[in-house]
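J.: Task: produce atomic coordinates for the following.
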Amino acid sequence: MKAYYAARAKEYDKIYLKPERQTDLRAIEQWLAPKFEHANVLEIAAGTGYWTQFIAPVAQSLVALDASSETFDVARSRLAGLAVPVAPVQWLIGDAYAIPQPTQLYDAAFAGFWYSHIPVDRQREFLRGLHRVLKPGAKVVFLDNLFVKGSSTPLSETDAQGNTYQTRPLADGSTHRVLKNFPTENQLIEVVQGIGKDPVYSAWPYFWAFEYTVVA
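T.: Here you go, the predicted model:
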């Protein structure tokens, strides 16, 4: 996965150019930012900073975590080009399953298009590791794709654990087997049971969002 996203860094943002998704994206951009006003935010798998650019102007501070330094080159350039002031941003290369312990716990966490890449049997593990660096009552927001036939990359494989996969080509001619799950609302609610409260599921024609607060 890390090698795939490093190789895809310069062409990743093409996914945001699909014409049929533009109405959804404009709506989500407006929906997302207010959730992080004045918060000390951890963004998981920040990548090229597409969503960072909407959170950083309203946050108190932001730590952007990603496994790929190549994507951060794009992200830094994107934020530097904004016409509005942004919160201090720390670009942190690291593992989403082993998040570095901060000196001060975060008020909120966001992950865009990351949750779908977590294997089913590691979802709870990831959440527990995330909660370790968050304050009790912190807000968590996940944003990801719905599977829409004709717009989404077709699924090419399902394994014994129920994980689904896509075969994705890159401009250099290479193809990559990428884990891409599409959880239901009930599955998301179930996975945070006992460790998260007040779950809210939202959906647009091409995307879903799931938010909850961390149990003390």
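J.: For the rest of this, base every contact and every neighbour count on C-alpha atoms.
T.: Fine.
J.: residues touching residue 79, list them.
T.: 49, 52-53, 86 (Cα atoms under 8 Å, 6 or more residues apart in numbering).
J.: what do you get for residue 207?
T.: Contact analysis of residue 207 by Cα under 8 Å, 6+ apart lists 24, 143-146.
J.: change it to 7 Å
T.: 144-146 (Cα atoms under 7 Å, 6 or more residues apart in numbering).
J.: Give me the subset of the contacts of residue 79 that lies in helices.
T.: Using DSSP state H, the subset of these located in helices is 52-53.
J.: Using JSON lines, lay out the contacts of residue 79 together with distance to residue 107.
T.: Shown next, in JSON lines, are those (distance: Cα to Cα, whole Å):
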{"residue": "49", "distance to residue 107": "20"}
{"residue": "52", "distance to residue 107": "16"}
{"residue": "53", "distance to residue 107": "18"}
{"residue": "86", "distance to residue 107": "17"}
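J.: For residue 54, list the residues it contacts.
T.: Per Cα under 7 Å, 6+ apart, neighbours of residue 54: 29, 33.
J.: Sorry, wrong one. I was asking about residue 23.
T.: Contacts for residue 23 (Cα under 7 Å, 6+ apart) come out as none.
J.: Not counting sequence-adjacent ones, nearest residue to residue 124?
T.: Spatial nearest neighbour of residue 124, excluding adjacent residues (Cα to Cα, 6 or more residues apart in numbering): residue 191 at 6.4 Å.
J.: Check the gap between the one you found and residue 121 for me.
T.: From residue 191 across to residue 121, the span is 11 Å (Cα to Cα, to the nearest Å).
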